[in-house]
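Participant: Quick one, what's the 3D model for this:
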Amino acid sequence: MTSRVHRRRGTGGAGPLAQEAPRAHCAAVARSDREEPEPAGPRLRERGLLVRRAAPADGPAVAALLDDRDVLRWLPDLGSAPPEGGAAAGSGALGVPGVRPVGTAHRLVVEVGDAFAGLVLLTEDGEGGGWLACAAPPSARGRGTTAGAVRLVLTWAFAELGLQAVHWAVEAGAWPARRLAWACGSAVDGTVRALLPVRGDLRDAWVGTWRWDSSLQRADRWLSPVELAGGGVRLGPHLAGDVQRVAQACSAASTQAWLPSLPSPYTVLDAASWIAGREEEQARGAGVFWAVRPDGRSRAGADGTDPSDPVDDDGPETGPLLAEVGLFTLGDGVRSGEVGYWCHPDARGRGVTTAAVRLVVRHALAPADRGGLGLERVVMRVASRNTASRRVAAKAGFREVGLDRGAERLRDGTVDDFVRYDLLAGEEQDPLPPRG
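Facilitator: Here you go, the predicted model:
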């Protein structure tokens, strides 16, 4: 049972920027009492947030941050930055190989209520530009603290230091860092192959820029698969452990028959690339993709397990991946989107996909002020001979509205028409429970 969700292969990779290190923002360490005078330098304040020049007494908190597992994974050279006020003779975590910044290095500490909340490193290149990197302890993550600190530092860099542009570069795949840059108004300018040296290896890097006239506020939409539940299924984001189930589903002959663009053979590497590509689509606001799992409260053995087995009810991460439903061809000002899906062979024939599609469509057509995407129309295209997917469209409330003749060459070499369906706001239906 498949539709067009897997038709366009996404880019591989993922990644944060030298920033809120991948879910890593080391345990907050309260600043120790000290009698020595405050260090000279900028003291930037906003809504209980303080960014100041680092002092010797910050050593233990900074050391703990640099020893954080996620910081070590994504920013291994953060601790090798030049000393405060010293010349930046290399690149390290603050620059990019070949750039060789030669200006002043600024090591800044972030505080919230006298508690250590992160480190921001700004290195001038001596030519009116600079490079920025930052990290925060776990206790300070997810609160907007690091984004607030980055905005303060950038404002200071442009207004007081006279910089014209500040750049960032992180290993591709560092999604928390990239989301931080997005929250501060920077898009990804591009991916540079084999740019960053990490433990003797050259890694691909995402790079971006803030200009002196940048707004420093998010501009584009970053879509996320919000949790949806009903009809015996629960929808949420993909997990790293989903790759095996994705590979199984997409290597099945019954899936490959209707999605001829899938690699064949389809491996776990293809599955990992697909999941990472969905993250990229969401970051660009072009689509949003849900992993479908048993609800836990109404499992009914839809995944091939004994329904009497105990199941933890702890959200969308409960249970194996049953299917995927995606909504794509989205963008700012777009009134409609296209829905597509595939289902693992061992979860078919139980109404799982129909329930999931109804949940996604209801969310897509709900007004934005009620937490939905605010679309006015959702469309679906299905190969005319794909009777299982056409049944899903009908049961999910879609209306058949047209035919695209000779639209797809299938895996067996034959050419099939696409049947077009749509659903307008106000026509969506509630999900039905899957059949046991």
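
Participant: can you map out the helices along the protein?
Facilitator: 59-66, 69-74, 145-159, 175-183, 243-251, 253-256, 268-283, 352-365, 387-395 (DSSP state H).

Participant: Now tell me which of the ones you listed the model trusts least on average.
Facilitator: The weakest mean pLDDT among the helices of the chain belongs to helix 69-74, with a mean of 90.

Participant: which parts of it are buried?
Facilitator: By neighbour count with 16 or more other C-beta atoms under 10 Å, helix 69-74 contains the buried residues 70-71, 73-74. For glycine as for every other residue, the C-beta is placed from the backbone atoms N, C-alpha and C.

Participant: Please apply the same query to stretch 357-367.
Facilitator: Applying 16+ other C-beta under 10 Å to stretch 357-367 flags 357-366 as buried.

Participant: which among the buried residues of helix 69-74 gets closest to residue 156?
Facilitator: For the buried residues of helix 69-74, the residue nearest residue 156 by C-beta to C-beta is residue 71; the value is 23.7 Å.

Participant: returning to that earlier point: out of the buried residues of stretch 357-367, which comes closest to residue 201?
Facilitator: residue 360 (39.2 Å).

Participant: Please name every helix or strand in contact with the helix or strand of the chain with the lowest mean pLDDT.
Facilitator: When the helices and strands of the chain are scored by mean pLDDT, DSSP states H and E, helix 69-74 comes last with a mean of 90. Contacting helix 69-74 under the criterion 3 or more C-beta pairs under 8 Å, 6 or more residues apart in numbering; DSSP states H and E is no other helix or strand.

Participant: which two from the buried residues of stretch 357-367 end up farthest apart in space?
Facilitator: Going by C-beta to C-beta, the pair spanning those furthest: 357 and 366, at 14.8 Å.

Participant: which stretches of the chain have low pLDDT?
Facilitator: Across the chain, residues meeting the criterion (pLDDT under 70) sit at 1-40, 79-102, 297-318, 429-436.

Participant: From the centroid of it, which residue is nearest?
Facilitator: residue 279 (4.5 Å; C-alpha atoms, centre = their mean).

Participant: any idea how far it lies from residue 225?
Facilitator: 10 Å (C-beta to C-beta, to the nearest Å).

Participant: Can you give me the domain assignment for the chain?
Facilitator: What automatic domain parsing lists as the domains of the chain is 21-211, 223-424.

Participant: Let me see the ranges of the strands in the stretch 301-436 of the chain.
Facilitator: 323-328, 336-343, 377-383, 399-409, 415-424 (DSSP state E, counting those that start in this stretch).

Participant: Looking at these, which is nearest to residue 110?
Facilitator: Among the strands of the stretch 301-436 of the chain, strand 323-328 sits nearest to residue 110 (C-beta to C-beta), with 37.0 Å.

Participant: strands paired with the closest one, and their directions?
Facilitator: Using DSSP bridges, strand 323-328 pairs in its sheet with strand 288-294 (antiparallel), strand 336-343 (antiparallel).

Participant: Format the ones you listed as TSV; extra columns: distance to residue 198.
Facilitator: Below are those laid out as TSV (distance: least, C-beta to C-beta, whole Å):
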stretch	distance to residue 198
strand 288-294	29
strand 336-343	35
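
Participant: For residue 275, find the nearest of these.
Facilitator: strand 288-294 (8.7 Å).

Participant: May I have the closest one exported as CSV, CA atoms only?
Facilitator: Only the C-alpha atoms of strand 288-294 are listed here, as CSV (Å, rounded to 0.1, in the frame of the first residue of the first chain):
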residue,chain,number,x,y,z
VAL,A,288,6.3,17.3,7.0
PHE,A,289,6.5,13.6,7.6
TRP,A,290,5.1,11.4,10.3
ALA,A,291,6.2,8.0,11.5
VAL,A,292,3.1,5.9,12.3
ARG,A,293,3.1,3.6,15.4
PRO,A,294,0.6,1.6,17.4
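
Participant: what is the orientation angle of it with helix 352-365?
Facilitator: If you take axes from the mean of the first three to the mean of the last three C-alpha atoms, to 10 degrees, strand 288-294 sits at 140 degrees to helix 352-365.

Participant: Pull the contacting residues for the spatially closest residue to residue 427 that is not a sequence neighbour.
Facilitator: Spatial nearest neighbour of residue 427, excluding adjacent residues (C-beta to C-beta, 6 or more residues apart in numbering): residue 397 at 6.1 Å. Residue 397 is in contact with 358, 361, 423, 427-429, counting by C-beta atoms under 8 Å, 6 or more residues apart in numbering.
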